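J.: just a sequence and a predicted model for now, questions to come.
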Amino acid sequence: MTGRSVNTPRRGVRLIAVIGWISCGLLLVCWAQLMQWLRPASVDQQRQKLTRWWMRNLIRILPLQVKVSGKPTAATALWVSNHVSWLDIVVLGAQAPVHFLSKAEVRSWPVIGWLASAAGTCFIQRGQGTSASVQEQLTSVLNANRSLVIFAEGTTTAGDRVRTFHGRLLSAAIDAQVPTQPVAVAYRYADERDDIAPFIDDDEFSQHLWRLLGSKDIEVEVQFLPLQDSTSQNRNQLARNAHTAVSQALGLDDGKITSEPAEVKAAA
């Protein structure tokens with residue numbers, strides 16, 4: 001990181017700000033739980049507004065400069081995105097009222113699990129024999145007029161490729177008869193692929209956050225691509241078309257590796 005690091009005092013100030021903002025988020029979690037008990041009918045809309053507000057302000061604390069092209073559809077849709085880092089959730093969640101898909105273990109994680117649950121994350125249990133129940137769960141979210149984000153690769157990458165999109169997860173869009181919207185996310189520094197933002201290999205969250213806070217601003221490019229009609233395609237066609245759209249938007253020659261392969265980390 002020679003030449004791109006900030007001084008230690010500035011990194012420390014950022015860390016304090018992040019800790020303070022997470023504490024604020026935990027207060028919002030308590031508020032959401034109270035409202036869920038008092039006024040369950042109206043809590044989801046208010047929770048989504050607060051979630052976007054919280055994530056937008058977290059981006060201001062982190063060394064990220066987000067540039068968005070295209071627009072997220074205002075209608076209910078299944079967003080299908082590539083996956084590079086836990087930062088993807090913050091960046092995409094700040095753009096529109098959406099729900100995320102996560103493995104069930106995350107629900108029990110201290111702090112992160114509480115924040116994810118309060119934001120309306122859809123938790124799934126991975127393993128054999130769960131495909132039908134997962135699809136039903138995702139379909140029910142979409143049928144409730146709640147847009148959902150899935151990272152169809154199932155893993156993170158270093159941003160040098162787009163791995164195969166799993167069609168199984170896209171079945172929910174067909175069942176709910178809502179469109180899919182491919183979304184391409186890239187992290188760059190000095191017009192090159194950034195190597196700090198990716199959450200890969202044996203990365204641990206606190207160590208990754210510390211490295212991130214020591215960096216000068218990273219440019220995040222978010223591209224909302226044209227909608228795909230899920231009623232005229234099967235799930236594998238949807239997955240292939242979304243994969244092609246995202247790969248081409250990122251300039252990755254339809255997902256082919258443009259540099260040495262990097263190990264991947266299971267997606268949250």
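T.: Yes, it's here. Residues are numbered from 1 along each chain as shown.

J.: next, the buried residues of the top helix by length along the chain.
T.: The single longest helix within the chain, with elements called by DSSP state H, is helix 8-38. Of the residues in helix 8-38, 11, 14, 17-18, 25, 28-29, 32, 35 count as buried by neighbour count, 16 or more other CB atoms under 10 Å. (Glycine included, C-beta is placed from N, CA and C.)

J.: S117: which of those residues is nearest?
T.: V29 (7.6 Å; CB to CB).

J.: was I right to think the closest one contacts I112?
T.: No - using CB atoms under 8 Å, V29 makes no contact with I112, being 11.2 Å away.

J.: what's the local residue count around N82?
T.: Residues lying near N82 (other CB atoms under 10 Å) number 28.

J.: which residues touch it?
T.: Taking CB atoms under 8 Å, 6 or more residues apart in numbering as the contact definition, N82 lies against 151, 153, 157, 162, 183-185, 246, 250.

J.: so which of the residues you listed wins on neighbours?
T.: These, ranked by neighbours (other CB under 10 Å): first place V162, 28 neighbours.

J.: where do the helices sit along the stretch 1-150 of the chain?
T.: In the stretch 1-150 of the chain, helices defined by DSSP state H, counting those that start in this stretch lie at 8-38, 43-61, 87-93, 112-118, 131-143, listed in chain order.

J.: sorry, back to before: could you dump the contacts of N82 into a markdown table and include distance to G214 and secondary structure?
T.: Shown next, in a markdown table, are those (distance: CB to CB, whole Å; DSSP: H, G, I helix; E, B strand; the rest coil):
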| residue | distance to G214 | secondary structure |
| --- | --- | --- |
| F151 | 26 | strand |
| E153 | 28 | coil |
| T157 | 23 | coil |
| V162 | 28 | coil |
| V183 | 28 | strand |
| A184 | 27 | strand |
| V185 | 22 | strand |
| V246 | 30 | helix |
| L250 | 26 | coil |
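
J.: closest one to M55 out of these, please.
T.: M55 has its nearest neighbour among the contacts of N82 in V185, at 14.3 Å by CB to CB.

J.: list the contacts of the closest one.
T.: Taking CB under 8 Å, 6+ apart as the test, what V185 contacts is 81-84, 88, 91-92, 220-223.

J.: just for the protein, where's the confidence low?
T.: Within the chain, the stretches with pLDDT under 70 are 1-2, 40-43, 109-111, 118-120, 125-132, 254-268.

J.: please redo it, this time with the cut-off set to 80
T.: 1-3, 29, 31-33, 35-47, 102-121, 123-133, 201, 253-268 (pLDDT under 80).

J.: any figure for the gap between the residue nearest the centre of it and V13?
T.: Geometric centre of the chain, nearest residue: I89, 2.8 Å, by CA atoms, centre = their mean. Distance, I89 to V13, by CB to CB, to the nearest Å: 24 Å.

J.: now A74
T.: 38 Å.

J.: ok, now Q45?
T.: Separation of Q45 from V13 (CB to CB): 34 Å.

J.: one more: A186?
T.: Plainly put, A186 is 28 Å away from V13 if you go by CB to CB.

J.: same thing with L142?
T.: 41 Å.

J.: got it, and V222?
T.: Per CB to CB, V222 is found 27 Å from V13.

J.: can I get the helices of the stretch 1-150 of the chain in TSV with distance to N236?
T.: Supplementary listing: those in TSV, determined by distance: least, CB to CB, whole Å:
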stretch	distance to N236
helix 8-38	38
helix 43-61	31
helix 87-93	24
helix 112-118	29
helix 131-143	14
